[in-house]
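>>> sequence first, predicted model second:
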Amino acid sequence: MPPRRPLSVLVVDDHRDAANSTAALLSLSGHDARAAYGGEDALRAADDRPPDVVVLDLRMPGLDGCEVARRLAARRSARPPVVVAVTGSGRPADRASAAAAGCHLYLVKPVDPALLVGLMGRFQDAFAPDDVPAAAGGSNDTGPHQRERSVYHADDVPQ
């Protein structure tokens, strides 16, 4: 198997400790991870350096995570990120809102660090070095903006 390319990961959470510790965990796992502390900050960071993956808190003041996901999806970039929603709510309505906003995966806090690191490894395996990241269940054949979005709960993700 060829060596894995480190992923560019943007971690977005209005709680700085959570954003920084998650970014540090992913950096220690070999990824190029950085933190943003709110919706506007996240969009600026994504403009500066487009990420492969966005780990996105949904409940933030101001521009919330669903709106950030919608705006990232609407950009029509050549390399749209895989958006992993992270929230304290497991309600089906919240999952549906996340899916409609463009989130590909839905995790309920607290997220097991080993699960998050494992997901990044699975994304690395799925992404060819210069490919557009294919979302969970997605395909590059139809283009990044025509693919169907699916939201999975952490319990649904094979370990």
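Looks like it arrived, so ask away.
>>> so Ser77, which state does it fall into?
coil (DSSP: H, G, I helix; E, B strand; the rest coil).
>>> report the contact partners of Arg44.
Applying Cβ atoms under 8 Å, 6 or more residues apart in numbering to Arg44 gives the contacts Ala36. Heads up, the C-betas are built off the backbone N, CA and C, glycines and all.
>>> that one: helix or strand, and which one exactly?
Assessed by DSSP states H and E, Arg44 sits inside helix 39-48.
>>> what separation is there between the nearest residue to Gly102 once chain neighbours are set aside and Thr87?
In this structure, Gly102 finds its nearest non-sequential neighbour in Ala73, 3.5 Å apart by Cβ to Cβ, 6 or more residues apart in numbering. Ala73 sits 18 Å away from Thr87, going by Cβ to Cβ, to the nearest Å.
>>> also Asp52?
In this view, Asp52 and Thr87 are 21 Å apart by Cβ to Cβ.
>>> repeat for Ser97
When Ser97 is compared with Thr87 (using Cβ to Cβ), they lie 10 Å apart.
>>> try Ala74
Distance of Ala74 to Thr87, given as Cβ to Cβ: 21 Å.
>>> any buried residues in the helix holding Arg44, and which?
Residues of helix 39-48 classed as buried by neighbour count (16 or more other Cβ atoms under 10 Å): 39, 41-43, 45-46.
>>> next: stretch 66-79.
By 16+ other Cβ under 10 Å, the buried positions in stretch 66-79 come out as 66, 68-69, 71-73.
>>> and what of stretch 98-113?
Across stretch 98-113, burial judged by 16+ other Cβ under 10 Å covers 98-99, 101-108, 111.
>>> put the alpha carbons of that stretch into PDB.
Extracted C-alpha coordinates of stretch 98-113, given in PDB (Å, rounded to 0.1, in the frame of the first residue of the first chain):
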ATOM      1  CA  ALA A  98     -27.100  18.400   9.400                       C
ATOM      2  CA  ALA A  99     -27.700  16.200   6.300                       C
ATOM      3  CA  ALA A 100     -29.700  18.900   4.500                       C
ATOM      4  CA  ALA A 101     -26.900  21.400   5.300                       C
ATOM      5  CA  GLY A 102     -24.300  19.200   3.600                       C
ATOM      6  CA  CYS A 103     -22.800  17.300   6.500                       C
ATOM      7  CA  HIS A 104     -21.500  13.800   5.500                       C
ATOM      8  CA  LEU A 105     -21.100  12.300   9.000                       C
ATOM      9  CA  TYR A 106     -22.700  13.000  12.300                       C
ATOM     10  CA  LEU A 107     -21.000  12.300  15.600                       C
ATOM     11  CA  VAL A 108     -22.400  12.900  19.100                       C
ATOM     12  CA  LYS A 109     -20.200  14.400  21.800                       C
ATOM     13  CA  PRO A 110     -18.200  13.200  23.600                       C
ATOM     14  CA  VAL A 111     -16.400  11.700  20.600                       C
ATOM     15  CA  ASP A 112     -14.000   8.900  21.300                       C
ATOM     16  CA  PRO A 113     -10.600  10.200  20.100                       C
END
